[in-house]
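Visitor: Got a sequence here, can you build the structure:
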Amino acid sequence: KGKFQRVNHNFVEVMIDDPGDVFDDRAWEITVENWRRLAASARDAGFDGIFFDNEEYKRRWLDYPEDYPGTKRSLEEYREQTRLRGRQIMQAIVAEFPDITLLVYHGPYLSEPKTPPEVIARQASEPDGTDLGGPLFVGFLEGLGPRATLVDGGEVYAYRTMEDFARSYAWRKFGMASPETDSSIIPERLRAIWPERVSIAFGVYNLPFPDDLTMTPAIMRTTLENALLAADDYV
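Guide: As a prediction, this is how the structure comes out:
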C-alpha cells in the first residue's frame with residue numbers, strides 16, 4: 001500500500017494453473033478462497049483490480065475431453081460446472097472488493113465456434129466449442145456484483161486498422177451474444193445484459209506477432225490510436 005506514487009491505476013496479475021478437476025469440490029474450495037484473499041489484498045493495497053492471464057502456460061484444464069481423460073461426463077456437464085466455478089470465484093471476489101475490475105486477457109471468443117477468423121487473427125487456433133475458457137468467463141459474469149467491472153481483454157496482436165478493431169469490438173460486444181448467433185456458451189438470460197456488463201478492451205504488443213507482421217514505432221502509434229478509439233475502457 002502506498003508503494004506506487006507515479007502510476008495511479010494499478011492491477012495485480014494472476015496467471016492460470018490447474019487447480020484440479022472442476023468437479024473436485026475440495027480443490028475448488030481452496031482456489032475460490034485464494035481468489036477471495038487476493039481480492040482483499042488488492043483492495044487493501046489500493047489497486048484497481050486484477051488482470052487474469054488465462055493462457056495455459058503451465059498445467060492444462062480448459063480443454064475437453066483431453067484434459068479429463070477417462071471422464072464419463074459430457075461436454076455440457078463440464079461447461080455447466082466450469083461456469084459454476086467462475087461464478088463462485090467472482091462472488092468471492094466482489095464480497096471483498098465490490099467495485100473491482102477483473103480483466104481477463106482472452107474473452108469467450110476463443111470458445112465460440114462462430115467467431116469469425118478475422119477476429120481471432122491467428123492469435124490462436126480456430127475457435128473451439130470444447131474450450132472451457134468461455135464458460136469460465138460466463139460464470140464470472142453470472143457472479144458479477146452491481147458495482148464490479150468485467151473486461152474481455154482482447155489480447156489479439158495482429159489488429160492494425162480501425163476496421164480490425166471495430167470488427168472485433170462489434171463481435172465481442174454484440175454479435176457473439178446476439179439471438180442470431182445463439183451461442184451455446186452464453187445462456188439466453190445473459191444475452192440482453194451482455195453489452196452493458198462486459199467491457200471490451202484490446203491487448204496490443206510492441207513486437208511482431210505473428211512473426212510475419214511488421215511492427216515499428218510508427219505502426220505501434222497508429223495501432224494504439226485505433227485501439228483507444230475502439231475500446232470501452234482499457235488498452
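Visitor: quick one: the residue nearest the centre of the chain from K3, how far?
Guide: Residue closest to the average C-alpha location in the chain (Cα atoms, centre = their mean): V104, at 3.0 Å. Taking Cβ to Cβ, to the nearest Å as the criterion, V104 is separated from K3 by 25 Å. Quick note: C-beta positions are derived from backbone N, CA and C, even for glycine.
Visitor: Residues contacting the helix or strand harbouring T82, please?
Guide: Assigned by DSSP states H and E, T82 falls within helix 75-96. For helix 75-96, contacts defined as Cβ atoms under 8 Å, 6 or more residues apart in numbering pick out 22-23, 28, 31-33, 35-36, 39-40, 43, 50, 62, 64-65, 68, 71, 100, 102, 129-130, 132, 135-145, 147-148, 150, 185.
Visitor: Stretch 191-207 now?
Guide: 103, 105, 107, 141, 144, 149-157, 159, 165, 168-169, 172-174, 176-179, 183, 186, 215, 220, 223-224, 227, 230-235.
Visitor: Extract the CA atoms of it and return them as CSV.
Guide: What follows is stretch 191-207, C-alpha atoms only, in CSV (Å, rounded to 0.1, in the frame of the first residue of the first chain):
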residue,chain,number,x,y,z
ARG,A,191,-27.6,-12.1,-23.7
ALA,A,192,-29.6,-8.9,-23.2
ILE,A,193,-27.3,-7.6,-20.5
TRP,A,194,-24.0,-8.7,-22.2
PRO,A,195,-23.3,-5.4,-23.9
GLU,A,196,-24.0,-3.5,-20.7
ARG,A,197,-22.0,-5.7,-18.3
VAL,A,198,-19.0,-6.8,-20.5
SER,A,199,-16.4,-4.1,-21.1
ILE,A,200,-14.4,-4.6,-24.3
ALA,A,201,-10.6,-4.0,-24.2
PHE,A,202,-7.7,-4.6,-26.5
GLY,A,203,-4.2,-6.0,-25.7
VAL,A,204,-1.5,-4.8,-28.0
TYR,A,205,2.1,-5.8,-28.4
ASN,A,206,5.2,-3.8,-29.4
LEU,A,207,6.9,-6.8,-31.2
